[in-house]
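Enquirer: Predicted model and sequence follow; I will ask about them next.
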Amino acid sequence: MPMEFTLLLVVQIVASFTIIVLVLLQQGKGADMGSAFGSGSAGSLFGATGAANFLSRATKWAAVVFFVTTLGLAYMATTGQIKEDTGIMDSFQPNQSVPSVPGRSAPASPSNAGQVPVVPSSTGTSQ
């Protein structure tokens, strides 16, 4: 894989974890009402509204970075810059033999093994 792909992928993963952490740190809409009446969040590190502004702006920029890296990865995939690696199962050849118990020979197949049984047709008689 090209170095640019790896770099974009790492930046996207870091941006996604950053978005998750920033969203979890933010308070809900109802938490602002408590700070207006002197609740504990008014004495926070950023002040009553400073934390909301900082966290929302940081979340916005993390989302911008995430979407830009997503577009970059999509562009690289559609232009053929990313070569598909062969998977571990691409060269798999299924074993066509019937497994047998160790020390014994496999049983011989019956003479009618290739024949398909005939389904009886239903007649118009009903009871």
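Expert: Ah, there it is.
Enquirer: least trustworthy helix or strand in the protein by mean pLDDT?
Expert: Lowest by mean pLDDT, DSSP states H and E among the helices and strands of the chain is helix 31-36, with a mean of 59.
Enquirer: Next, the buried residues of the very next helix or strand once past that helix.
Expert: Downstream of helix 31-36, the next assigned helix or strand under DSSP states H and E is helix 50-78. Neighbour-count burial for helix 50-78, counted by 16 or more other C-beta atoms under 10 Å, picks out 51-52, 55, 58-59, 62-63, 65-66, 69, 72-73, 76. For every residue, glycine as well, the C-beta is placed using N, CA and C.
Enquirer: What is the helix or strand containing Leu8 packed up against?
Expert: In this assignment (DSSP H and E), Leu8 forms part of helix 3-25. Judged by 3 or more C-beta pairs under 8 Å, 6 or more residues apart in numbering; DSSP states H and E, helix 3-25 is in contact with helix 50-78.
Enquirer: Run through the neighbouring helices and strands of the helix it packs on.
Expert: Right, helix 50-78 is packed against helix 3-25 by 3+ C-beta pairs under 8 Å, 6+ apart.
Enquirer: tell me the angle the helix it packs on makes with helix 50-78.
Expert: If you take axes from the mean of the first three to the mean of the last three C-alpha atoms, to 10 degrees, helix 3-25 sits at 150 degrees to helix 50-78.
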